[in-house]
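In: model the structure of this input:
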Amino acid sequence: TPAGCWRAARKFRYHFQNSLRCNAPRRQGSWRGPDLTERFMATILVVDDELGIRALLSEILADEGHTVELAENAAQARACRERIRPDLVLLDIWMPDVDGITLLKEWGATALLTMPVIMMSGHGTIDTAVEATKFGAMAFLEKPITLQKLLRAVEQGLAKPAARAAVAYDNNPPPMHADP
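Out: The predicted structure follows:
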């Protein structure tokens, strides 16, 4: 229900604001404070059926300097995944058309799971988290998500592809071409 979405978004925003009050003072223009030029700026796809949560995550990640794409269901997430090839996906588990675990399995089965995926849920259990990681999710965040957990998970997720690329390069170096 729309009222439930806004209630959840207010609760989510309340937890973020309270977590900010506990932090040291921050620089203008960033939630966390470090200079934005010091970090890798990524394209992040946020998939959540709740408008308030999508908007809040978008605002936070954009303030961190990332490009954010939004999808409210699995169909939009598929189209967005094909169009932009995101560096990271934040994927809600409970969605009305297709749940996040099914979408994760689908991307894995079709070799489209080339980016780190962080699952999010307000109704998740340990079994759900284990299932998500079994199918390729790198992390599981329980809603309401604290600002620190969100930023830490995103940072770790964005560091992961670089490590994978380095391992792939070590195992399969590019071919050497002989000079004519």
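
In: and the helices in the protein?
Out: Along the chain, the stretches classed as helices by DSSP state H are 2-21, 51-63, 74-84, 100-109, 126-134, 147-171.

In: would you single out the least confident of the ones you listed?
Out: Between the helices of the chain, the lowest average pLDDT goes to helix 2-21, which shows a mean of 52.

In: just checking, Asp49 touches Met95?
Out: Yes - applying C-beta atoms under 8 Å, one finds Asp49 in contact with Met95, separated by 4.7 Å. (C-beta placed from N, C-alpha, C; glycine too.)

In: neighbour count winner among the two?
Out: For the pair Asp49 and Met95, the greater number of neighbours falls to Met95 (20 against 17), based on other C-beta atoms under 10 Å.

In: which residues are in contact with that one?
Out: Residues near Met95 by C-beta atoms under 8 Å, 6 or more residues apart in numbering: 47-49, 73-74.

In: the residue lying closest to Gln76 once chain neighbours are set aside: neighbour count?
Out: When the adjacent residues along the chain are set aside, Gln76 lies closest to Val47, with 7.6 Å between them (C-beta to C-beta, 6 or more residues apart in numbering). One way to gauge burial is a neighbour count; for Val47, by other C-beta under 10 Å, it gives 26.

In: what sits against Val47?
Out: 70-74, 76-77, 89-92, 95, 100, 103.

In: do Leu70 as well
Out: By C-beta under 8 Å, 6+ apart, Leu70 lies in contact with 45-47, 54, 58.

In: and of those, the nearest to Leu158?
Out: When those are ranked by distance to Leu158 (C-beta to C-beta), Leu45 comes first, at 12.9 Å.
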